[in-house]
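S.K.: okay, here's the prediction I keep looking at, along with the sequence it came from:
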Amino acid sequence: MGIWRAQFIKRNGVYGCWVSKPNFDVTTAAPGDFLVDTSSQVFQCIAKGDTLILTEGQGTIGAGTYSASVALPAAFAGFSNIAMIATYYMVSNSGQFFSTQNIANTYLTFNIVSGVLRLFVTFRSNGGTGTPSVSFDHRAAWTIYRSQF
C-alpha cells in the first residue's frame, strides 16, 4: 500500500485540506512537508528575533561585511515559500538607540540557506567622522512570514 498524500478532515482541531510533498505521508507530515496546508495563513509569522551582528568598541569600525547566523526552528527549515522583513539599528552600551553614523554607506542583507538565517551588515566606508565615546551593538530585528503558495 502506498502513502497518503491528501487529507480533507479535522486535523489538530481544525477542518481543512492538506496535500503533502511527494514521498511524505500526509497523516504524519511536519509543517514544512506540505504543498497545501489550509490551516497556515499566508503571511503568518513563523519566526522572529533580534540578533547581535557586531559589537563596536570605542572607535570606528572599518569598511567591510560583518555577519551573524541564526538556526531556524526545524519544523520550518524546509519551507520554500517564505518572505522576510528586517531592519538594522545600533544601540549604545548604556541602552540608548542611535541611527547609524553614515546610513548611506551602511546596509543590511540576509538570506536563508538550509534552514539557517544569515544576516550581513556591510560598511562601505569607515563609520563616520570623529570617534564614538561609547561602544555600540549593531543589531538586526527580523521577522519571517509564510508567503503565498
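M.R.: Sure, I can see it. Residues are numbered from 1 along each chain as shown.
S.K.: which residue packs closest to Tyr107, ignoring adjacent ones?
M.R.: Leaving aside its sequence neighbours, Tyr107 sits nearest to Thr122 (CB to CB, 6 or more residues apart in numbering; 5.6 Å). (Each C-beta comes from the backbone N, C-alpha and C, glycine too.)
S.K.: what is the helix or strand in which the one you found is found packed up against?
M.R.: Element membership of Thr122 [criterion: DSSP states H and E] is strand 116-123. Counting contacts by 3 or more CB pairs under 8 Å, 6 or more residues apart in numbering; DSSP states H and E, strand 116-123 packs against strand 45-56, strand 64-71, strand 82-92, strand 106-113, strand 136-146.
S.K.: at 6 Å instead, please
M.R.: strand 45-56, strand 64-71, strand 106-113 (3 or more CB pairs under 6 Å, 6 or more residues apart in numbering; DSSP states H and E).
S.K.: put the alpha carbons of the first one into PDB.
M.R.: C-alpha atoms of strand 45-56 as PDB (Å, rounded to 0.1, in the frame of the first residue of the first chain):
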ATOM      1  CA  CYS A  45       4.600  34.800  11.300                       C
ATOM      2  CA  ILE A  46       6.700  31.600  11.600                       C
ATOM      3  CA  ALA A  47       9.900  33.000  13.300                       C
ATOM      4  CA  LYS A  48      11.200  36.300  14.600                       C
ATOM      5  CA  GLY A  49      14.100  37.600  16.500                       C
ATOM      6  CA  ASP A  50      16.600  40.300  17.300                       C
ATOM      7  CA  THR A  51      20.200  39.400  16.500                       C
ATOM      8  CA  LEU A  52      23.600  40.900  17.500                       C
ATOM      9  CA  ILE A  53      25.700  41.200  14.400                       C
ATOM     10  CA  LEU A  54      28.700  43.200  15.700                       C
ATOM     11  CA  THR A  55      29.900  45.000  18.900                       C
ATOM     12  CA  GLU A  56      31.900  48.100  18.100                       C
END
